[in-house]
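Q: have a look; sequence and predicted model below, questions after that.
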Amino acid sequence: MRLEVKKTYKLFIGGKFPRSESGRIYKVNNHKGEFLANVAKASRKDVRDSVVVARSAQSGWASATPYNRGQVLYRIAEMLEGRREQFVAEIRELTGKSEKQANQEVDSAIDSWVWHAGWTDKIDAVAGNMNPVAGPFFNISTNQPTGVVAAFAPQDSSLVGLVNTIAPAIVSGNSIIAITSETLPICAVTLAEVLETSDLPGGVVNILTGNASELGSWLASHMDVNAIDLEGTSNAAELEMLAAENLKRVIRKGGYSRTGAKGSLQHILDLMETKTVWHPKGH
Amino acid sequence: MPTIDPEAVVGSRITNQSLSRWLHSLPGVDKVGLEARTASLGTRSIKTDSKAWALDMAIKMMDLTTLEGADTKERVRSLCLKAITPDPTDLTTPQPAAICVYGDMVKHAKEALGKNKIHVAAVATAFPSGRASLPVKIADTKDAVNAGADEIDMVIDRGAFLSGNYLEVYKQILAVKAACLRKDGTRAHLKVILETGELETYDNIRRASYLAMLAGPDFIKTSTGKVSINATLPITLLMLQAVKDWFDQTKIQIGVKPAGGIRTAKDAIKYLVVVKETAGEEWLTPKYFRFGASSLLNDVLMQRQKLTTGHYSGRDYVSVD
Amino acid sequence: MFDYSPAPESKDLVKFQASYGHFIGGKFTKPANTFSTINPATEQVLAEISHGTAKDVDSAVKAARTAYEKTWSKLDGATRGKYLYRIARIIQERSRELAVAETLNNGKPIKETRDVDIPLVASWFFYYAGWADKLDYAGLGANPKAHGVVSQIVPWNFPLMMLAWKIAPALAAGNTVVLKPAETTPLTALLFAEICQQAELPDGVVNIVTGFGDTGAMMVGHPDVNKIAFTGSTDVGRIIAKQIAGTDKKATLELGGKAANIVFEDAALDQAVEGIVNGIFFNQGHVCCAGSRLLVQESVQDVVIKKLKARMENIRLGDPMDKNTDIGAINSKEQLTKIDRLVKQGIKEGGQAWAPSCAIPKNGFWYAPTIITGVSPANTVVREEIFGPVLSVMTFRTPAEAVAKANNSQYGLSAGVWTEKGSRILKMADQLNAGVVWANTFNQFDPASPFGGFKESGYGREGGRHGLLSYLKGSN
């Protein structure tokens, strides 16, 4: 009998798969409580490094054409589809879901990428406008990504929750540091592999496995993070207080459903800034 | 009087190409910003002493004008008498700077004014269209100068300007300026009318101002009064900014004359505010600012009467001209 | 010499009461716990104002809640709109009185209150009146809902205008409000209360509570308030964000700024100079979106500074009630001290300060329009919001450098760009991290146009459709 080659579960930072700089790991069990894998336990310094790469990747991603971003997001859906069996197996192993349920979750995850992919070049058409001001001015409001987003994926979802946390942030050109579910991180690492092979520039999505409570305060208080999504946190109020220090945009816990095949435009817009440009009209 | 070296200003031998390069390197003008600034200055509230000062200055800066095909010797004489005694009920009323007429009326105006220091200005160079050959324009100018005109108001060739033939415009101004020379070596003052209403854009007006200033006139003037858009406050502000910048650059002070459409004392005061706050106090003299107007005088006189008597005047208390 | 004679607006256009209570449930309370509000140009007391207590705040929130439940949320949008139209019309009718009141209490020139503030107040109500029966088109789908009771706290720099920016969209969306004007400028808000009475606005829809920061904190903390709208300093914005952390309260925060005003060598320079002046000296520089950092391309630095100084010599500082005054009084002694301290710091750090020769009145609080050259992005005057008529001047060589310097701030409220090159404007507008970009203009405001910042300049928008959304939530 051939011995199976197992995967080392690492972090995803700047398009690379490093171990935690701290060297720490934690054990992840399957739904029966049996050992499944040692997963990297991200540290404060991994957070720090992720913010640096997320910041440097953000402007390039934001200045890619919406068409291009849409294609990249669609590519993610394609890659995910190609790995369907692996995700289904991982979800079943982690959560004990039936094959049908696991397939449904993967369906939603894929479809959510497709749903978001289609938004890239429509956000401003729907949520921006010309403003008919009372004067000889051209005046237009458009939306621009907020910048670097720190997000805590829901703890009770292994795949679709993470997808519905990352996609609404990056669709518009933000970069993200996503903290996965602590107990269900396996699909997240596989998703990182999907992202890595999907033409997504390195650093746009950074995925850290580990403990949300430990990493939360570092992200919430980080002055180079512009927005924070508190969905998967257990100390949301405390983190919201820290986030106030540089007036981060805050998505509160329970604000948006993360289980569906469709996201929410409002969720996307919560991570964007309205910019209004005035210019005189005259010869 | 200091003079400039046009080649030094343009930075090159004077050719159409170098003029074009120079004029198109001037900063642009933002229409909305210029008009907003003008509107803001238009809200200045000029009261009591400052109003009295402004009304008198407006009269002193006036080129009292009649430029009609129907002008006659008698009509011109009547206007001259009005200039000499603008308000018979108040002999402290100042006199306007000049009477502005067609060239053939110069001798009648000179005769009517006698030894009075009021100048006679003549429009020339195929006014108002400027559509004549250069020799005709020169002859027109000389004719007026020989008849005793103190000032010549010439028009530029707008067709040449709009087609990019800046050298032609420039040369014509130089030639007309030369024609202003009198036999005794003195020279009639030269005002160059840009006819801003036909240049249409503020960018063009700034360029035309600079092109005219390069030729060394005494004044640049907005309009003939014969087209649909004549002097406006923003155009005048723009030209005042141009003469101010020109002075800063060359130390040569050139005057500005808005003409046409300025009918009320209230308007005239707005112009004076714009002069003060754009070019500066140095321009608040008839030597450097004039109004080309006809009906303006009576409105200023009525306002003046209001200030002296305390009650509003009426049109029967000023003379028709 | 053409010296403008005094042209004072008549003070008799407004009559203040000796003392004011709060406006709660459609009635004024008995004045209590009072403090004086003054004219900062003369330091004369204008009226006595009540300092709101927890009890006052509670009864105002209760009145707002009752009005929301019983009246306002039951009215159809068209009727709400009609009330707002009525208010807009009464503001137009009483515009000169309001302008005079604002100038007396704030110190800003009558020219600005008459030509900018009050016309915008009326237009803001007029604009949002029209939204009240069109909420289905706001962008949240059919039947969007109001939040309920909104606590609104406004600053002293545009007292009535900020009130309008807050109250008009809130009421159009169907909320009821408790509003607190700044402690130094409460009078026009109290006149507005009278306007609500004249418009027969249902009791409790608008409540005005006066007081200091502690009163505001109680309004934020009150458990029955659903939404906070605040305009003011970033420091207070931070406190509010912390105070509502972990609650369901929504917030719109419009905070500080340190806008870059970028002049390229190919700009329309005369209009750029006007824009610089308007950008920093409008309203004594008490403007969160003021263009307080001038970035001028090196090749035109000399000519721009020369023209700017010449232009500044024409700025008329003095009696705010004089119709020819361009710069009025600084709103308070505290603010004057802060401006003075920061400018001195700027000079200590190597900056050269220059101000035109203008006479400073004896009484009241004044600061001459000032530019500071020789400073860099490291200097305090370049980083901190001064909130006064003080411009820091820096240079740049390339567009990339201009963007880098402009974005180098914790703020992101507004920015200005001056160039005659269209493609450059659009690129700059993309790259500048600011909620409002004024290209070849500055300090333009309109009820149809969203306003608000990036980063520490706050979140949420006021004005336009976006401003309406700040007061609505989707129905699902």
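A: Yes, it's here. From a predicted model like this one, the values you see are computed outputs, not experimental measurements.

Q: going by C-alpha atoms from here, please, whenever you check contacts or count neighbours.
A: Fine.

Q: ok, A:Glu238 - contacts?
A: With contact set as Cα atoms under 8 Å, 6 or more residues apart in numbering or on different chains, A:Glu238 has these partners: C:245-246.

Q: from chain B, how far off is it?
A: As for A:Glu238, its distance to chain B is 49 Å (criterion: Cα to the nearest Cα, to the nearest Å).

Q: could you say which helix or strand holds that residue?
A: Assigned by DSSP states H and E, A:Glu238 belongs to helix A:236-243.

Q: do the same with C:Tyr127
A: The secondary structure element spanning C:Tyr127 is helix C:118-129 (assigned by DSSP H and E).

Q: in that helix, which residues are buried?
A: Of the residues in helix C:118-129, those with enough neighbours to count as buried (16 or more other Cα atoms under 10 Å in any protein chain shown) are C:118-129.

Q: just stretch A:273-283 next, same as before
A: Burial within stretch A:273-283, assessed by neighbour count using 16+ other Cα under 10 Å, is assigned to A:273-280.

Q: which one of the residues you listed sits closest to C:Gly463?
A: The shortest separation between C:Gly463 and any of these is 10.7 Å, and it belongs to A:Thr276 (by Cα to Cα).

Q: so how far is B:Thr232 from the residue of chain B found nearest chain A?
A: Using Cα to the nearest Cα, the point where chain B gets nearest to chain A is B:Lys31, with a distance of 5.4 Å. B:Lys31 sits at a distance of 13 Å from B:Thr232 (criterion: Cα to Cα, to the nearest Å).

Q: equivalent analysis for C:Gly139, please.
A: With distances defined as Cα to Cα, the gap from C:Gly139 to B:Thr232 amounts to 45 Å.

Q: do the same with A:Gly118
A: Distance, A:Gly118 to B:Thr232, using Cα to Cα: 53 Å.

Q: check C:Phe212 too.
A: In this view, C:Phe212 and B:Thr232 are 50 Å apart by Cα to Cα.

Q: equivalent analysis for C:Ala434, please.
A: Per Cα to Cα, C:Ala434 is found 37 Å from B:Thr232.

Q: and the two? which has more neighbours close in?
A: Per other Cα atoms under 10 Å in any protein chain shown, whichever of C:Ala434 and B:Thr232 has more neighbours is C:Ala434, with 32 against 20.

Q: quick one: contacts for that one?
A: With contacts defined as Cα under 8 Å, 6+ apart, C:Ala434 is in contact with A:275, C:412-415, C:453-454.

Q: what number of residues lie near the residue in chain B that chain C sits nearest to?
A: Among all residues of chain B, B:Gly28 sits closest to chain C, at 4.5 Å; criterion: Cα to the nearest Cα. By the other Cα under 10 Å criterion, the neighbourhood of B:Gly28 contains 20 residues.

Q: wait, it sits on C:Gln271?
A: No: the pair B:Gly28 / C:Gln271 is not scored as a contact, 9.1 Å apart, by Cα atoms under 8 Å.

Q: who in the stretch 51-200 of chain C is up against chain A?
A: Within the stretch 51-200 of chain C, the residues that sit near chain A (Cα under 8 Å from any Cα of the partner chain) are C:Gly139.

Q: which residue ranges of the stretch 51-200 of chain C form helices?
A: Under the criterion DSSP state H, counting those that start in this stretch, the stretch 51-200 of chain C contains helices at C:54-66, C:77-93, C:95-106, C:110-112, C:118-129, C:159-173, C:187-198.

Q: show me where the chain dips below the pLDDT cut-off.
A: Just so you know, I chose chain A. Per-residue confidence of chain A (counting by pLDDT under 70) places no residue in a weak region.

Q: hmm, I had chain B in mind actually
A: Along chain B, the model assigns pLDDT under 70 to residues B:1-2.
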